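[1] Give me the fold of what follows.
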Amino acid sequence: RGHKSQGPLVHATGKGWVKEHKGQYYDALHVKNGIVKICLVESQGGIAPPTKRIIFNFAKEVGSPSAVDRTDYGTASGSARGFAQHHSQQLS
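    Residues are numbered from 1 along each chain as shown. All right, here's what the predicted structure looks like:
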């Protein structure tokens, strides 16, 4: 984003300032006060270590007695049974 004092963004150098605008995550961040995390998954299904940590941290939160998990895990024999396995499969 830079700073306004840097002037407009110059794409060739990557330096400069871009005015903030309401983007795709505005509603999640500012209206619903949600948490937005970047989850990096490659096309072959590899999951970046920080993404794995995000999934497992959320799994711990969902496992707490006061948490409500409304995830539909499916009933087929091959369906994921837990939060981390299910959401890892959904991302890759």
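
[2] OK, contacts around the residue nearest the centre of the chain?
    With distances taken as C-alpha atoms, centre = their mean, the residue of the chain nearest its centroid is Lys37 (3.3 Å). Listed by C-beta atoms under 8 Å, 6 or more residues apart in numbering, the contact partners of Lys37 are Ile54. Backbone N, C-alpha and C define where each C-beta goes, glycine included.

[3] counting contacts, what elements does the helix or strand harbouring Gln85 pack onto?
    Element membership for Gln85, per DSSP states H and E: helix 83-91. Contacts defined by 3 or more C-beta pairs under 8 Å, 6 or more residues apart in numbering; DSSP states H and E place helix 83-91 against helix 49-62.

[4] Settle this for me: Tyr25 is touching Ile38, isn't it.
    No. Using C-beta atoms under 8 Å, Tyr25 is not in contact with Ile38, being 10.3 Å away.

[5] returning to that earlier point: which of the three states applies to the residue nearest to the centre of the chain?
    Taking DSSP: H, G, I helix; E, B strand; the rest coil as the rule, one finds Lys37 in the coil state.

[6] quick one: pLDDT of it?
    On pLDDT, Lys37 comes in at 83.

[7] Could you check how many residues crowd around Ala80?
    Here the number of neighbours of Ala80 (other C-beta atoms under 10 Å) works out to 16.
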